[in-house]
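Enquirer: Here is the input, now give the coordinates:
(2 chains)
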2 protein chains.
Amino acid sequence: MPQGKPSVVPDDGLTTRQRRNRPLVVVHTGIGKGKSTAAFGLALRAWNQGWPIGVFQFVKSAKWRVGEERALRVLGNSGEGGSVVWHKMGEGWSWVQRGLESSEEAAREGWEQVKRDLAAETYRLYVLDEFAYPMHWGWVDTDEVVSVLSDRPGAQHVVITGRNAPQKLVDAADLVTDMSKVKHPMDVGQKGQRGIEW
Amino acid sequence: MPQGKPSVVPDDGLTTRQRRNRPLVVVHTGIGKGKSTAAFGLALRAWNQGWPIGVFQFVKSAKWRVGEERALRVLGNSGEGGSVVWHKMGEGWSWVQRGLESSEEAAREGWEQVKRDLAAETYRLYVLDEFAYPMHWGWVDTDEVVSVLSDRPGAQHVVITGRNAPQKLVDAADLVTDMSKVKHPMDVGQKGQRGIEW
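Expert: Numbering: from 1, shown residues only, chains lettered A, B, ... in the order given. Down below sits the predicted model:
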């Protein structure tokens, strides 16, 4: 139950209004559940504000996120709230015509598109789902990501999910939550199940 | 990127199918962001499965969750996916005709309705948003909650959010994530803002 009251009032010369509307880089990391679900929960708030939302799903599995994708597509097409564009790496990015040689190349192509969209201010909220992995694996240069995010124009919020978020990204982010696993059904042999895992 | 592979295979005499479909008690606790947003993200998956969803919002503030509520109402009324019933303590529970004397009484009334719905198997997913607080404050008896959840019939999933989830609830839950705060904009004087906090 956050009360919206800052614990300190900064001496930054900004008005409350300016401070309120500062665009955020949000990171959901850690080994627990909830990193992506919380990102899509945030997307519901953005949708309610009427914001254009861009989802970039940096995962190859077709099974995960089907619920979120369908829900956000229905919301985006409802005539209420904001619009939703959903980009999936798993099926090959829609804007890439040629075959991609590897997941590494696909991740880089995804990031290139994010950069173009940030420069064009295409969306107001970006969900870069599982994007921590390509940075962690060195496929996408974290320094470049930090630099592009720092210099992005306008009021674009960016949410990045995934385990092992690089420390440089954490340092540069405004809001970072570590989803810590206390207990997980798979630890006691439970299988993943529909409605919960996807 | 969970792979759906359990780390151990239990000697419980259950088939994989039975083990896959075991209903869960999920707890999102900790002081970081993402507890409720992740619960509503889970609700998108439940909606996609066509499940009836019951949300019980155990908070008094009218401002929070407006985005999630509107989105879930649009989804529930879309003619696709599952249904959504949204109960708000802040406006007085809809089934309570008389005035409620206190937040404590309101929280107890909410829990009584959850018990009735669990007994009747009204929903397939219950989002008990901020329900950790009334347990933590002793307004609702944690032992009773644990007992009712353990004995609930059918295949009803229950997600409980809020800081300070009682240890007994954590012990009884199947899946527990602690949302740990690494960094929050309010720490550096940033105000809460629309699209992010609500």
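
Enquirer: show me where chain A has strands.
Expert: Using DSSP state E, the strands of chain A run over A:25-29, A:53-57, A:84-88, A:125-129, A:157-161, A:175-183.

Enquirer: Now render these as CSV, adding mean pLDDT and mean neighbour count.
Expert: Glycine gets a C-beta too; all of them are placed from N, C-alpha and C. CSV is the format used below for these (pLDDT from 0 to 100; neighbours: other Cβ atoms under 10 Å in any protein chain shown):
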stretch, mean pLDDT, mean neighbour count
strand A:25-29, 97, 26
strand A:53-57, 97, 25
strand A:84-88, 95, 20
strand A:125-129, 97, 27
strand A:157-161, 98, 26
strand A:175-183, 93, 21
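
Enquirer: which regions of chain A lie under the pLDDT threshold?
Expert: A:1-10, A:14-20, A:61-64 (pLDDT under 70).

Enquirer: how about the helices in it?
Expert: A:16-20, A:35-48, A:66-76, A:103-120, A:132-136, A:142-150, A:167-172 (DSSP state H).

Enquirer: so which of the ones you listed comes closest to A:Pro185?
Expert: helix A:35-48 (15.3 Å; Cβ to Cβ).

Enquirer: Measure how far the closest one is from the centre of its chain, please.
Expert: 9 Å (Cα atoms, centre = their mean, to the nearest Å).

Enquirer: So A:Leu149 sits against A:Val158, correct?
Expert: Yes: assessed by Cβ atoms under 8 Å, A:Leu149 is found in contact with A:Val158 at 6.1 Å.

Enquirer: what touches both of the two?
Expert: A:25, A:118 (Cβ atoms under 8 Å, 6 or more residues apart in numbering or on different chains).

Enquirer: quick one on the thing from earlier: okay if I get the helices of chain A as TSV plus mean neighbour count and distance to A:Val55?
Expert: TSV is the format used below for the helices of chain A (neighbours: other Cβ atoms under 10 Å in any protein chain shown; distance: least, Cβ to Cβ, whole Å):
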stretch	mean neighbour count	distance to A:Val55
helix A:16-20	13	25
helix A:35-48	27	7
helix A:66-76	22	7
helix A:103-120	17	11
helix A:132-136	22	15
helix A:142-150	16	17
helix A:167-172	15	19
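
Enquirer: who wins for proximity to B:Trp198 among these?
Expert: helix A:35-48 (6.2 Å).

Enquirer: Can I get the closest one as CSV, trimmed to CA atoms?
Expert: Provided in CSV are the C-alpha atoms of helix A:35-48 (Å, rounded to 0.1, in the frame of the first residue of the first chain):
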residue,chain,number,x,y,z
LYS,A,35,8.9,-10.9,-12.9
SER,A,36,6.9,-11.0,-16.1
THR,A,37,3.5,-11.2,-14.6
ALA,A,38,4.2,-8.0,-12.7
ALA,A,39,5.4,-6.4,-15.9
PHE,A,40,2.1,-7.3,-17.6
GLY,A,41,0.2,-6.1,-14.6
LEU,A,42,1.9,-2.8,-15.1
ALA,A,43,0.8,-2.9,-18.7
LEU,A,44,-2.8,-3.0,-17.5
ARG,A,45,-2.2,0.4,-15.8
ALA,A,46,-0.6,1.8,-18.9
TRP,A,47,-3.5,0.5,-21.0
ASN,A,48,-5.9,2.2,-18.6
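
Enquirer: and it, what does it pack onto?
Expert: strand A:25-29, strand A:53-57, helix A:66-76, strand A:125-129, strand A:157-161, strand A:175-183, helix B:35-48, helix B:66-76 (3 or more Cβ pairs under 8 Å, 6 or more residues apart in numbering or on different chains; DSSP states H and E).

Enquirer: what about the ones you listed, which gets the closest to B:Ser180?
Expert: Across these, closest to B:Ser180 is strand A:175-183 (Cβ to Cβ), at 4.3 Å.

Enquirer: ok, A:Gly79 - how many residues close by?
Expert: 6 (other Cβ atoms under 10 Å in any protein chain shown).

Enquirer: distance of it from chain B?
Expert: 9 Å (Cβ to the nearest Cβ, to the nearest Å).

Enquirer: Likewise for A:Asn164?
Expert: 11 Å.

Enquirer: Tell me who's in contact with the closest residue to A:Arg70 other than its chain neighbours.
Expert: Among residues not flanking A:Arg70 along the chain, B:Asn48 sits closest, at 5.1 Å (Cβ to Cβ, 6 or more residues apart in numbering or on different chains). If you count contacts by Cβ under 8 Å, 6+ apart, B:Asn48 has them with A:66-68, A:70-71, A:195, B:81-82.
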